[in-house]
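Enquirer: Can you look at this prediction? I've put the sequence above it.
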Amino acid sequence: MRALVLCLLLAACAAPKLTLYTLDTAPAEAPQPNKPRAVIAVARVSIPDELDTQDIMVRDASTLRRSSLGRWASRLSLAIGISFHYSA
């Protein structure tokens, strides 16, 4: 019994490291006085409920599976909303 518990503990320690990802916004360029700026308005971003999680989904042919090595640092809908807000 002790050997089984020890094996389980060692197996848990050997799991690959989980990586957290965020959506990064590009640094804003300094505005140029004579260059017109394009403005794009995005009213709302909607994400299907099955994708709006912290799990990173990986397409495998016609199947979606959860990544075992990576997660979003926050729910995807929150990250997209923040990314659009700060890059405007």
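Expert: Here it is on my side, so go on.
Enquirer: Distance of Val58 relative to Ser68?
Expert: 9 Å (Cβ to Cβ, to the nearest Å). Using the backbone N, CA and C atoms, a C-beta is placed for each residue, glycine as well.
Enquirer: Name all residues that make contact with Val58.
Expert: By Cβ atoms under 8 Å, 6 or more residues apart in numbering, Val58 lies in contact with Leu64, Arg65, Arg66, Ser67.
Enquirer: and the helix or strand hosting the first one, what other elements does it pack with?
Expert: With the criterion set as DSSP states H and E, the secondary-structure element containing Leu64 is strand 63-72. If you count contacts as 3 or more Cβ pairs under 8 Å, 6 or more residues apart in numbering; DSSP states H and E, strand 63-72 packs onto strand 19-21, strand 55-60.
Enquirer: what pairs with the longest one, and is each one parallel or antiparallel?
Expert: Read it as strand 55-60. Partner strands for strand 55-60, per DSSP bridges, with pairing direction: strand 63-72 (antiparallel).
Enquirer: For the strand it pairs with, which residues meet the burial criterion?
Expert: Within strand 63-72, the residues that count as buried by 16 or more other Cβ atoms under 10 Å are Gly70, Arg71, Trp72.
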